[in-house]
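> Provided below for reference: sequence and predicted model.
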Amino acid sequence: MTGSVPRSAGGVMSRVVALLLALSPLPASAAELHVASSGGFAAAYKALAPEFEKRTGHTLVSVWGPSMGDTPEAIPNRLRHHHDIDVVIMVGDSLETLVRAGQVMDLDHRVLALSKIGLAVKAGAPHPDISTVAALKKVLLEAKSVAYSDSASGVFLSTVLFQRLGIADAMKDKARMIPAEPVGAVVARGEAEVGFQQISELLPLSGIDIVGPLPDEAQKVTPFSIGIVAGTRETRAAEDLIAFLSSPDAASLIIKSGLVPAPAAPR
């Protein structure tokens, strides 16, 4: 019997432990955060996601799609069909359109990174000179086939750059938009002689060589922005993700992915 605890004492101890647990501060509850990201920021996001989950305890559930276009994967179409999405990361102009439509909250949405368009050829193929606008125009006219994306970079090429260079008619029969697939994959298979896409989307792909960015006079710098979807129940976790991805801690991996971190200013 020595050392035994009377039942009454055991009951008191249990109540004390329960009271202490009730009074102890608990960590904020972890959330499951559903994120839709366009391809331009995907490599940076994938590299940064594990550290965010480790720091916060939140779990990220991610899907991918272009910032515009008619494919079912396009982020605006996902929202239109009420997919389970809490946060979007996409081309800035497209995100602002969703803000004006009331689909993304006008709360703490901001630019995360800036992206440039690059030109790629099949691995081992000669690298054409694209150092000047005249040289780029020559490459486009001499190429047997040209591929470009169905997102911001491709829209710029097909609706602005080809016209600016005076080659829109010459490109009609040999240039094509690639929906729902990386342009680099088409180039790697030899189905296009040259391909244009955000450099950050070309970098992760095998089977291609990135010749370089377009010359400044022919370049379009695209901002990638993050915003919180209207109606989400995970606003706090979404704000945690925004703060992390726009912090100095994220900058090195954003640079490694081929992007330039945006200045630390909202929107």
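Looks like it came in fine. Numbering: from 1, shown residues only.
> Can you tell me what sits against stretch 254-267?
If you take Cβ atoms under 8 Å, 6 or more residues apart in numbering as the criterion, stretch 254-267 is touched by 40-41, 43-44, 47-48, 108-115, 198-200, 202-203, 223-225, 246, 250-251. Yep, even glycine has a C-beta here, placed from its N, CA and C like the rest.
> the helices in the stretch 1-150 of the chain, which residues?
Counting by DSSP state H, counting those that start in this stretch, the stretch 1-150 of the chain has these helices, from start to end: 7-23, 39-56, 75-80, 92-100, 133-142.
> I'd like to know which of these lies nearest to Ser151.
For the helices of the stretch 1-150 of the chain, the distance to Ser151 is smallest for helix 39-56, at 7.1 Å, taking Cβ to Cβ.
> Show me what that closest one is packed up against.
Other helices and strands packing on helix 39-56, by 3 or more Cβ pairs under 8 Å, 6 or more residues apart in numbering; DSSP states H and E, are strand 59-64, strand 87-91, strand 110-115, helix 199-202, strand 222-228, helix 235-245, helix 248-256.
> Quick one: closest of those to Ala125.
Go through the helices and strands packed on helix 39-56 one by one with Cβ to Cβ and the one that ends up closest to Ala125 is helix 199-202, at 14.2 Å.
> The very next helix or strand once past that closest one: which residues count as buried?
Counting by DSSP states H and E, the element after helix 199-202 in chain order, helix or strand, is strand 208-213. Using 16 or more other Cβ atoms under 10 Å as the test for burial, strand 208-213 gives 208-213.
> Which member of these is positioned nearest Val88?
For these, the nearest to Val88 is Pro213 (25.8 Å; Cβ to Cβ).
> low pLDDT regions in the stretch 1-150 of the chain?
By pLDDT under 70, the weakly predicted segments of the stretch 1-150 of the chain are 1-28.
> deepest of the helices and strands packed on helix 39-56, which one?
Between those, the one whose residues have the most neighbours on average, counting mean count of other Cβ atoms under 10 Å, is strand 87-91 (a mean of 27).
> what does that one rub up against?
Contact with strand 87-91 is made by 33-38, 40-41, 45, 67-68, 75, 79, 95, 98, 104, 112, 151-152, 222-229, 232, 238, 241-242, 245, as judged by Cβ under 8 Å, 6+ apart.
> Assess the claim that Gln197 and Ser149 are in contact.
Yes - Gln197 is within contact range of Ser149, at 4.7 Å (criterion: Cβ atoms under 8 Å).
> Now list whatever residues contact both of these two.
Residues touching both Gln197 and Ser149 (Cβ under 8 Å, 6+ apart): 182-183.
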